[in-house]
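Student: here is a sequence together with a model predicted from it:
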Protein chains: 2
Amino acid sequence: MKPGQRVVVALRKMIASGELADGERIAEIPTAERLGVSRMPVRTALRTLEQEGLVARIGARGYAARGPTISQVTDAIEVRGVLEGLAARIVASSPPAPQLAQKLKDCLAQGEALFAKGYLEEADLERFYTYNLAFHDLLVDASNNSAIAYALSRNNHLPFGSAAALALDWDDLPATYAHLSAAHRDHVAVCDAILSGDAEEAEQLMRRHARAPLANGRLTHAPML
Amino acid sequence: MKPGQRVVVALRKMIASGELADGERIAEIPTAERLGVSRMPVRTALRTLEQEGLVARIGARGYAARGPTISQVTDAIEVRGVLEGLAARIVASSPPAPQLAQKLKDCLAQGEALFAKGYLEEADLERFYTYNLAFHDLLVDASNNSAIAYALSRNNHLPFGSAAALALDWDDLPATYAHLSAAHRDHVAVCDAILSGDAEEAEQLMRRHARAPLANGRLTHAPML
DNA sequence: ATCATGCTTATTGGATCCAATAGCGGTCGG
DNA sequence: CCGACCGCTATTGGATCCAATAAGCATGAT
């Protein structure tokens, strides 16, 4: 990976993990030395992270980390809910192309296979992650609305803003099974609403689905891009 | 203004005005010479504009302008609708602070004053612009949801993505009066729903309000930041 | 004759250097 | 003793230089 990208993801991780505390000042030179690059990649990275809302300018003198606060996390989840809800509504509003219906079925089949055996093993968590992302991406893609994709791509950089934000508990597989299979059932329900052309229902279901992690109460770490 | 900012706004204008056609390649060196600066501000500006969605990367070789297509415009309006709808819902969901109610009243009073005399004059368009922006900002601000503000701030850079996107017709003031007073009535209705705590109604009204320009059919130029 | 391969060149990304600026501290005067 | 002013320094923004890379073209081989 090129230095520029490396610095961006490194800083994202340091902010998300709290290694850079909320409000802590980020100067270019120390950061560059710390990461073993010149000031230039750091400069561009800070500009990028500012656009992403992960750092904020301190007057005219440097940037400060904007650590993930609980409210930021819940806010990002709410926003993802309405955006994906809109995507679902749009998709449901027009008669589905046969190939879209097929893609949806194929995608849901992956989820079905995961839960068929009635329990989860560790490797399944990774598979669910992939399947879940695929479903959400499929929907956004099918909505064919560039502004949604654009807004979501930004939101995804926020902590827990991505569809990957799941209440995963690697130590309590039964509880995780309950959460994830509920999510899968949500997917099926959304798909049904879409295929039957019920736009209102599709949107409501999708929004509730996105908000599920809020109800679960537990927000643990999920991989962030 | 510093060179960096100058280049960003200059490129934004050139893209919005079509001076840089959709899909046209933007190389750093010619652009830098054209604007009379070095390559560096152009580099940072292109990164910024990429984040804003106004240019897209062409493989590993430069950027291309993403001109304002009709679908981009309508997409951005839809997205703004759901985001501001969410803001309205959130505000309506909790009992309004007295000072918020006062601010809303003050804001709506500005609109009321504009339409009281039953017709519009040129200067009123500017005033309505200010009032309209103030109302929308007030709502987003009151929702206290940073992710909404963040997503909207990005969306605002898209053509017609901002609340300033109104079907303004400077030559047909009576028709404009109809549109704008309808918008003001929308504001009043949203405000009523919020103060009475009807979250569902507030959201629906706000979404319809945002989509009104789509129904008006006419999308003319509005100032873009 | 056509396709593949290698060379040339144009263009972007990174590093280093230089200038402008703001913040901070010290000192001097009231 | 306190406040204001001046100068120093730390830090960011811009310019130029260098390296890496990919695209385009030409040439040769099959």
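Tutor: Okay, I see it. No experiment lies behind these values; they were computed from the predicted model shown. Numbering: from 1, shown residues only, chains lettered A, B, ... in the order given.

Student: so how many other residues sit close to A:A65?
Tutor: Neighbours of A:A65 under the rule other Cβ atoms under 10 Å in any protein chain shown: 21. For glycine as for every other residue, the C-beta is placed from the backbone atoms N, C-alpha and C.

Student: identify the residues contacting the closest residue to it other than its chain neighbours.
Tutor: Nearest residue to A:A65, sequence neighbours excluded (Cβ to Cβ, 6 or more residues apart in numbering or on different chains): A:L20, at 4.1 Å. By Cβ atoms under 8 Å, 6 or more residues apart in numbering or on different chains, A:L20 lies in contact with A:11, A:14, A:26, A:65, A:67.

Student: for those residues, which entry has the maximal number of neighbours?
Tutor: Per-residue neighbour counts (other Cβ under 10 Å) across those peak at A:L11, which has 24 neighbours.

Student: secondary structure element holding that one?
Tutor: According to DSSP states H and E, A:L11 maps onto helix A:3-16.

Student: list just the nearest of the contacts of A:L20 to DNA strand D.
Tutor: When the contacts of A:L20 are compared for distance to DNA strand D (Cβ to the nearest atom of the strand), A:I26 wins out at 7.1 Å.

Student: dihedrals phi and psi, the nearest residue to that closest one once chain neighbours are set aside?
Tutor: What sits nearest to A:I26 in space, not counting adjacent residues and going by Cβ to Cβ, 6+ apart, is A:Y63, at 4.9 Å. Here is the backbone geometry of A:Y63 (degrees, to the nearest 10): phi -120, psi 160.

Student: isn't A:Y63 right next to A:A45, touching?
Tutor: No. Shown here, A:Y63 and A:A45 do not form a contact pair, counting by Cβ atoms under 8 Å, at 10.1 Å.

Student: now the phi/psi pair for A:A56, please.
Tutor: Main-chain dihedrals, A:A56, degrees, to the nearest 10: phi -130, psi 150.

Student: for A:T74, which non-adjacent residue is closest in space?
Tutor: That would be A:L214: by Cβ to Cβ, 6+ apart, it lies 6.1 Å from A:T74.

Student: okay, that neighbour: pLDDT?
Tutor: Here, the pLDDT recorded for A:L214 equals 83.

Student: helix/strand/coil for it?
Tutor: Taking DSSP: H, G, I helix; E, B strand; the rest coil as the rule, one finds A:L214 in the helix state.

Student: strands of chain A, start to end?
Tutor: Under the criterion DSSP state E, chain A contains strands at A:25-26, A:55-57, A:63-65.

Student: okay if I get the ones you listed as a markdown table plus distance to DNA strand D?
Tutor: Shown next, in a markdown table, are the strands of chain A (distance: least, Cβ to the nearest atom of the strand, whole Å):
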| stretch | distance to DNA strand D |
| --- | --- |
| strand A:25-26 | 7 |
| strand A:55-57 | 8 |
| strand A:63-65 | 7 |
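
Student: can you tell me which of these is most buried?
Tutor: With neighbours defined as mean count of other Cβ atoms under 10 Å in any protein chain shown, the strands of chain A peak in mean count at strand A:63-65, which reaches a mean of 20.

Student: the residue nearest to A:A151 when sequence neighbours are not counted: what's it in contact with?
Tutor: In this structure, A:A151 finds its nearest non-sequential neighbour in B:A151, 4.9 Å apart by Cβ to Cβ, 6+ apart. Counting by Cβ under 8 Å, 6+ apart, B:A151 touches A:79, A:83, A:151, A:154-155, B:79, B:83.

Student: next, format the residues you listed as CSV and append distance to DNA strand D.
Tutor: CSV is the format used below for the contacts of B:A151 (distance: Cβ to the nearest atom of the strand, whole Å):
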residue, distance to DNA strand D
A:V79, 28
A:L83, 31
A:A151, 26
A:R154, 21
A:N155, 25
B:V79, 30
B:L83, 29
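
Student: what about DNA strand C: which of those touch it?
Tutor: Among the contacts of B:A151, no residue sits close to DNA strand C (Cβ under 7 Å from any atom of the strand).

Student: what's the domain layout of chain A?
Tutor: A:3-65, A:70-216 (automatic domain parsing).

Student: highest mean neighbour count out of those domains?
Tutor: Using mean count of other Cβ under 10 Å, domain A:70-216 ranks as the most buried of the domains of chain A, with a mean of 19.

Student: report the separation between the two terminal residues of stretch A:13-31.
Tutor: Terminal residues of stretch A:13-31 are spaced 14 Å apart (Cα to Cα, to the nearest Å).

Student: just give me how far it sits from the chain centre.
Tutor: 22 Å (Cα atoms, centre = their mean, to the nearest Å).

Student: stretch A:138-145 too?
Tutor: For stretch A:138-145, the distance to the chain centre is 15 Å (Cα atoms, centre = their mean).
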